[in-house]
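Undergrad: The following block contains a protein sequence and its predicted model.
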Amino acid sequence: MKAASATDYRELARRRLPRFLFDYIDGGSYAEVTVRRNIADLEQVALRQRVLRDVSTIDLGTTLFGHSTAMPVALAPIGLAGMSARRGEVQAARAAETAGIPFTLSTVSACPIEEVIAGVKAPIWFQLYMIRDRAFMRDLLERAKAARCSALIFTVDMPVPGSRYRDYRSGLAGAPGILGNMRRLWQAACHPRWAWDVGLLGRPHNLGNVAPVLGGKSGIEDFFGWMRANFDPTVSWADLAFVRSIWDGPLILKGIFDPEDAREAAAIGADGIVVSNHGGRQLDGVPSTAHMLPPIAAAVGDKLTVLADGGVRSGLDVVRMLALGARGVLLGRAWAYALAGGGQAGVAHMLQLVEAEMRVAMALTGITRIEQIGPDILVR
Ligand SMILES: Cc1cc2nc3c(=O)[nH]c(=O)nc-3n(C[C@H](O)[C@H](O)[C@H](O)COP(=O)(O)O)c2cc1C
């Protein structure tokens, strides 16, 4: 099957990955209401069809946090994405570099930050969670600085992890010990291409950035165990001063989902926010990003850079998010599927598709530059 869209890459990922990994990427929390809403509400956003406006030259270029990007798109942080293809985060970062857009490395990536930056020339963005061990957090921030990361995404919507039924059903979570290992091994054996490429050749398997404090442990239960024990639920606005005291580059708060919190983010001097419900993986039942973005952008859009994610599966969706008030859009599952389905070439191809879809969407709404995208192109 040749993928014609990011959604086609989902199907390729479903075929290629062991079930526990596909469900980990694809799934959300509880009944997955918000996962579905993110996609359905974005699909409902209708654009005006405009004609006879000379759309022969379309420019997708823009600037995010002082850096030029080929289009207003970045790859979102995806924990353990590196397990979808051999040394996967390196492959995805290379694809993002080729496309001229930022790649964000998750705290809980499979490849450590040093390995990823050695594979690319362009700076990457780094994502951090609030971790109980402040000395380790400081160490991670220093590593991100030493790696010349050009922005820090500080994720604030996971003081506690949302429960994901699919991870229990697939055997990823809640299946400790030998039985869980056997289930996952069996699923891997049923996907020999993945088992060979990632399972065997992709070693070492650990939480790249976190490996130094895991003391040699590298099992999947160790990953979840570490997250449960070390993500800090006491996180509050006051902690941002700690982050700021170490990180002086652009600071982006990810997981802002209420106009009041957005105003607070602007007041404490954040450079940007990501309007996000974590792809429906945290509080199930919250509205979609498409629903919450306009009031949040209206509250703070001129005070900081508003990014958004959730349900974006095409260049048309990117244009919709921009029209709803975002200055830039993060792709989440879209790149995780493409990485699983086709490695670096898959992510590069998916980004080409997104770019081409953006061009068509802009041409048919009668606009040629990113700054022209706004509520004016929406059917009210
Ligand atoms: C498998 C998976 C892992 C994720 N890991 C992280 C992470 O480590 N840090 C983070 O801030 N967000 C993480 N997210 C959330 C994404 O950054 C993003 O907000 C979300 O995927 C956007 O929704 P979409 O997948 O529908 O595009 C993860 C999402 C998925 C699907």
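TA: Structure's in. What do you need?
Undergrad: tally of neighbours for P192?
TA: When counting by other C-beta atoms under 10 Å, one arrives at 10 neighbours for P192. Heads up, the C-betas are built off the backbone N, CA and C, glycines and all.
Undergrad: That one and R16, how far apart?
TA: P192 sits at a distance of 10 Å from R16 (criterion: C-beta to C-beta, to the nearest Å).
Undergrad: At the geometric centre of this structure, which residue sits there?
TA: The residue lying closest to the centre of the chain (C-alpha atoms, centre = their mean) is A76, at 2.1 Å.
Undergrad: so what's that one closest to, chain neighbours aside?
TA: L330 (3.8 Å; C-beta to C-beta, 6 or more residues apart in numbering).
Undergrad: so after the helix or strand that contains the one you found, what's the next helix or strand?
TA: According to DSSP states H and E, L330 maps onto strand 328-331. Note on strand 328-331: by DSSP H and E, the next helix or strand toward the C-terminus is helix 333-364.
Undergrad: So which other helices or strands are in contact with that following helix?
TA: The contact analysis (3 or more C-beta pairs under 8 Å, 6 or more residues apart in numbering; DSSP states H and E) places helix 333-364 against helix 6-16, helix 19-26, strand 73-75, helix 88-99, helix 315-323.
Undergrad: what residues are up against whichever residue of the stretch 251-380 of the chain sits closest to the ligand?
TA: Closest approach of the stretch 251-380 of the chain to the ligand (C-beta to the nearest ligand atom) occurs at G332, with a separation of 2.2 Å. By C-beta atoms under 8 Å, 6 or more residues apart in numbering, the contact set of G332 is A76, I78, G279, D309, G310, V312.
Undergrad: Restricted to buried residues, select those in ChimeraX.
TA: For the buried members of those, the matching ChimeraX selection, counting by 16 or more other C-beta atoms under 10 Å, is:
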select :76,78,279,309,310,312
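Undergrad: quick one: which of the contacts of G332 is nearest N206?
TA: Nearest to N206 out of the contacts of G332 is I78 (C-beta to C-beta; 16.7 Å).
Undergrad: Setting aside sequence neighbours, what's the nearest residue to the closest one?
TA: Using C-beta to C-beta, 6+ apart and skipping residues adjacent in sequence, the residue nearest I78 is A336, 5.0 Å away.
Undergrad: what's the answer for D8, then?
TA: Of all residues not flanking D8 in the chain, M1 sits nearest, at 6.9 Å (C-beta to C-beta, 6+ apart).
Undergrad: now do A110
TA: In space, A110 comes closest to G82 once its chain neighbours are excluded; the distance is 2.8 Å by C-beta to C-beta, 6+ apart.
Undergrad: any idea how far the one you found is from P159?
TA: G82 is 25 Å from P159, where distance means C-beta to C-beta.
Undergrad: Of those two, which one has the most company?
TA: Neighbour count, other C-beta under 10 Å: between G82 and P159, G82 has more, with 29 against 15.
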